[in-house]
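In: Give me a 3D structure for the following:
(one chain, ligands or ions: 1)
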Amino acid sequence: MQITRNSVDTAKGPADWFTGDVYIDAVAAAPPPSRVAANLVHFMPGARTHWHHHPLSQTVFVTEGIGLCQRRGGPIEVIRPGDRVLFEADEEHWHGAAPNRLMVHVAINEADADHEVVHWLEPVTDDEYRAAPAIT
Ligand code: MN
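Out: Sure, this is the predicted structure:
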């Protein structure tokens, strides 16, 4: 058994992966041969990931606020607490907060045999982001 006390610093999401202010706390980080990791991610209003894809899919579970997500070629979807989103393996997508609300989700990722969890692409432009439906 291994207890990790509440002593691990929150990480700031780097600007080459995210637009806006994003904060990441490790939820699960078991050593190999486990390949599963979970993070609690806080997106401030307007913040979002860049376009990206995951080699072995990703599940996110929204715990607070109002968020947005989109797969390449699809509509922007509004996601709320209790919603769970599965991004399929290699499906290009982004996720983040609504313009006027923060969003918090748990993200569960599995690394592939090369230890890759995510492949980052270009930022979601303001024009792409503004295509989101109104939050009502
Ligand atoms: Mn993702």
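In: from here on, contacts and neighbour counts on C-alpha atoms
Out: Fine.
In: Look up phi and psi at residue 57.
Out: phi 70, psi 170 (degrees, to the nearest 10).
In: ok, now residue 126?
Out: According to degrees, to the nearest 10, residue 126 has phi -60, psi -40.
In: Leaving out the residues flanking it, which one is nearest to residue 98?
Out: Nearest residue to residue 98 in three dimensions, chain neighbours excluded: residue 67, at 4.9 Å (CA to CA, 6 or more residues apart in numbering).
In: same question but for residue 47, I mixed them up
Out: Leaving aside its chain neighbours, residue 47 sits nearest to residue 20 (4.3 Å; criterion: CA to CA, 6+ apart).
In: ok, that neighbour to residue 41 distance?
Out: 13 Å (CA to CA, to the nearest Å).
In: just to revisit the earlier point, distance of the residue nearest to residue 47 from residue 8?
Out: Residue 20 sits 22 Å away from residue 8, going by CA to CA.
In: More neighbours: which of the two?
Out: The residue with more neighbours, out of residue 20 and residue 8, is residue 20; 17 against 9, by other CA atoms under 10 Å.
In: Give me the distance between the two termini of stretch 111-119.
Out: Per CA to CA, the first residue of stretch 111-119 is 11 Å away from its last.
In: Buried ones in it, by neighbour count?
Out: Within stretch 111-119, the residues that count as buried by 16 or more other CA atoms under 10 Å are 111, 117, 118.
In: Pick the one among those closest to residue 49.
Out: residue 118 (11.5 Å; CA to CA).
In: you'd agree the closest one is up against residue 55?
Out: Yes - using CA atoms under 8 Å, residue 118 makes contact with residue 55 at a distance of 6.6 Å.
In: Okay, helices next: where are they in this protein?
Out: Assigned by DSSP state H, the chain shows helices spanning 126-130.
In: So which residues of it form strands?
Out: Ranges of strands in the chain, per DSSP state E, are 11-12, 18-19, 22-29, 36-43, 48-49, 52-53, 58-65, 67-71, 77-79, 84-87, 93-97, 103-110, 119-120.
In: got the CA positions of stretch 69-82 in CSV?
Out: Output of stretch 69-82 as CSV, limited to C-alpha atoms (Å, rounded to 0.1, in the frame of the first residue of the first chain):
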residue,chain,number,x,y,z
CYS,A,69,-15.8,19.2,-26.4
GLN,A,70,-15.6,18.5,-30.1
ARG,A,71,-14.3,15.7,-32.3
ARG,A,72,-12.8,16.8,-35.7
GLY,A,73,-15.6,17.3,-38.1
GLY,A,74,-18.4,17.2,-35.5
PRO,A,75,-20.4,19.8,-33.7
ILE,A,76,-19.2,21.4,-30.4
GLU,A,77,-21.0,19.6,-27.5
VAL,A,78,-21.9,21.1,-24.1
ILE,A,79,-20.9,18.9,-21.2
ARG,A,80,-22.0,19.2,-17.6
PRO,A,81,-21.3,17.5,-14.2
GLY,A,82,-22.0,13.8,-14.4
